[in-house]
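Trainee: Structure of the sequence below:
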Amino acid sequence: MLTAKSNTTLIISLLSVSVAQTTVRLPALVGSHMVLQRDRPVPVWGWAAPGEAVTLTLAGQRYAASAPDATGRWQATLPAMPAGGPYTLQVRGRSTIELTDVVFGDVWLAAWQSNMQYMVKDGLDRMKDSHAGVYQPISHADEEIAAAT
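Mentor: Below is the predicted model:
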């Protein structure tokens with residue numbers, strides 16, 4: 001039968017293991033295939049163990065992140081980049097996250113307009129424009145909107 005002392009020891013041991021295995025994490029907003037705004041500094045943030053050194057590598061250049069605070073949150077700012085890519089962005093701490101197909105370009109958010117249901121693929125000149133590379137590359141995300149009640 002486990003005593004209160006052995007239960008406490010077990011819990012502390014398990015917590016120590018979980019803290020020791022903390023890995024660098026990124027928010028869901030940051031990931032592979034993302035488009036970052038061109039010609040502007042770009043903040044990137046995430047979480048790691050407090051005090052852990054975090055670096056980002058993009059296009060062969062390394063950038064240091066701020067030291068994680070007591071909650072583990074860190075932040076780095078990537079410099080303004082011209083339109084282009086794809087790049088690989090590596091985030092390193094005790095673990096490494098590699099984001100692929102990261103491009104810099106123009107980021108647009110369009111919402112709440114009735115004609116936004118009209119898709120580019122349904123346009124009259126879609127084949128001509130597509131083959132001519134007029135709009136290449138385009139990244140499109142379509143999200144369903146659920147209104148709060």
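
Trainee: Every contact and neighbour count from this point should use C-alpha atoms.
Mentor: OK.

Trainee: residue boundaries of the helices in the protein?
Mentor: 4-20, 126-132 (DSSP state H).

Trainee: Tell me how far the residue nearest to Ala53 when sequence neighbours are not counted lies from Trp74.
Mentor: Spatial nearest neighbour of Ala53, chain neighbours left out: Gly93 (5.7 Å); criterion: C-alpha to C-alpha, 6 or more residues apart in numbering. Separation of Gly93 from Trp74 (C-alpha to C-alpha, to the nearest Å) stands at 11 Å.

Trainee: the more surrounded of these two?
Mentor: Trp74 (25 against 20; other C-alpha atoms under 10 Å).

Trainee: The more buried one contacts Ala48, correct?
Mentor: Yes. Using C-alpha atoms under 8 Å, Trp74 makes contact with Ala48 at a distance of 7.2 Å.

Trainee: Please enumerate the shared neighbours of those two.
Mentor: Val54, Pro68 (C-alpha atoms under 8 Å, 6 or more residues apart in numbering).

Trainee: how near is Gly31 to Arg62?
Mentor: Gly31 is 18 Å from Arg62, by C-alpha to C-alpha.

Trainee: circling back: give me the common contacts of Gly93 and Trp74.
Mentor: Ala48, Val54.

Trainee: The residue lying closest to Val54 once chain neighbours are set aside: what's it in contact with?
Mentor: Spatially, and ignoring its direct neighbours in sequence, Val54 is nearest to Gly93 (4.6 Å; C-alpha to C-alpha, 6+ apart). When contacts are counted by C-alpha under 8 Å, 6+ apart, Gly93 touches Thr23, Val24, Ala48, Glu52, Ala53, Val54, Thr55.

Trainee: make it 10 Å
Mentor: 22-25, 47-49, 52-56, 65 (C-alpha atoms under 10 Å, 6 or more residues apart in numbering).

Trainee: Ok, Ile97 next?
Mentor: Counting by C-alpha under 10 Å, 6+ apart, Ile97 makes contact with Thr23, Val24, Arg25, Leu26, Gly31, Leu56, Leu89, Gln90, Val91.

Trainee: Same question for Leu99.
Mentor: By C-alpha under 10 Å, 6+ apart, the residues touching Leu99 are Val30, Gly31, Ser32, His33, Met34, Leu58, Tyr87, Thr88, Leu89, Gln90, Val91.
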